[in-house]
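Participant: got a predicted structure here, sequence first:
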Amino acid sequence: MKTALISLILLAMMSCSPAQSVSRSNLDVPTRQLNATYENVSHSKDSMQDAVKLTTLFGLDPNIDADSVNVYFDNGKLRLAFKDQFGRKTSMSFQGKFRRKDYQYFLQRKNIVFPPIYWMTNVDRVRVSVAKDSTLIVEDFSDHSGMVLLFGAGYSARIQYKFKYVKPNS
């Protein structure tokens, strides 16, 4: 009985870690000179992972039907430029920060703490990196959790998406 109780407690304390298909050692530092075009739809050898649009990861309308997206930096801001399904040129900029091997942008970042009574965390973050084979790696992270008194609930997820390099811009 004691062994079963200890096993149950240890099982409850285990956490799932994200499977990163591209390790941090295979990433190049995104430079401020990045100016390349990538497919708008992610690709993966893992059939369990759904394809996602690059524009959707940055909070843009999921109905945008662009074939490719130009990704570049302009005055420290990440810019996405693309033609939509009607042929209109659109350019969006995102203010973020350069980190060790990536550029991160927060779509949402909210943390309210009144210990031990109330605690709430809402984080939606996108990290952009470039792999050594010029593939664009976008890591989508979400953490939505909270606690009232001793009762807590929430979830977090970290998913890595790969976008194929199309051609350099001139």
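Facilitator: Happy to help now that I have it. All of these numbers come straight from a predicted model, not from anything done at the bench.
Participant: now for the residue nearest the centre of the chain: which residues touch it?
Facilitator: Centroid-nearest residue in the chain: residue 140, 1.9 Å away (criterion: CA atoms, centre = their mean). Neighbouring residues of residue 140 by CB atoms under 8 Å, 6 or more residues apart in numbering: 52, 57, 125-126, 157-161. Where you see a C-beta, it was placed from the backbone N, CA and C, and this is true even at glycine.
Participant: before we move on, what about residue 67?
Facilitator: So residue 67 contacts 39-40, 83 (CB under 8 Å, 6+ apart).
Participant: most neighbours, which of these?
Facilitator: Tallying neighbours with other CB atoms under 10 Å puts residue 40 at the head of the contacts of residue 67, with 21 neighbours.
Participant: wait, that residue sits on residue 56?
Facilitator: No - judged on CB atoms under 8 Å, residue 40 makes no contact with residue 56 at a distance of 9.0 Å.
Participant: just the buried ones from the contacts of residue 140?
Facilitator: Listed as buried from the contacts of residue 140 are 52, 57, 125-126, 158-161; burial here means 16 or more other CB atoms under 10 Å.
Participant: which of the contacts of residue 140 lies closest to residue 95?
Facilitator: Ranked by distance to residue 95 (CB to CB), the contacts of residue 140 are led by residue 126 at 12.3 Å.
Participant: let me know whether that closest one touches residue 138 as I believe.
Facilitator: Yes - counting by CB under 8 Å, residue 126 does reach residue 138; the two are 6.2 Å apart.
Participant: anything in contact with each of those two?
Facilitator: With CB under 8 Å, 6+ apart as the test, residue 126 and residue 138 both reach residue 57.
Participant: what segments of this protein are strands?
Facilitator: 27-28, 35-39, 68-74, 77-83, 89-95, 97-98, 103-114, 118-131, 136-148, 151-163, 165-168 (DSSP state E).
Participant: who wins for proximity to residue 2 among the ones you listed?
Facilitator: That would be strand 151-163 among the strands of the chain, by CB to CB, at 27.0 Å.
Participant: other SSEs contacting the closest one?
Facilitator: On a contact count with 3 or more CB pairs under 8 Å, 6 or more residues apart in numbering; DSSP states H and E, strand 151-163 meets helix 54-57, strand 118-131, strand 136-148.
Participant: please export the C-alpha coordinates of it as PDB.
Facilitator: Provided in PDB are the C-alpha atoms of strand 151-163 (Å, rounded to 0.1, in the frame of the first residue of the first chain):
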ATOM      1  CA  PHE A 151      -6.800  25.400  -5.800                       C
ATOM      2  CA  GLY A 152      -4.900  25.700  -9.100                       C
ATOM      3  CA  ALA A 153      -5.500  24.900 -12.700                       C
ATOM      4  CA  GLY A 154      -4.000  25.700 -16.100                       C
ATOM      5  CA  TYR A 155      -1.900  24.400 -18.900                       C
ATOM      6  CA  SER A 156       1.200  25.200 -20.800                       C
ATOM      7  CA  ALA A 157       2.400  24.100 -24.300                       C
ATOM      8  CA  ARG A 158       5.600  24.600 -26.300                       C
ATOM      9  CA  ILE A 159       5.500  23.600 -30.000                       C
ATOM     10  CA  GLN A 160       8.200  24.100 -32.500                       C
ATOM     11  CA  TYR A 161       7.300  24.800 -36.200                       C
ATOM     12  CA  LYS A 162       9.600  24.700 -39.200                       C
ATOM     13  CA  PHE A 163       9.200  26.800 -42.300                       C
END
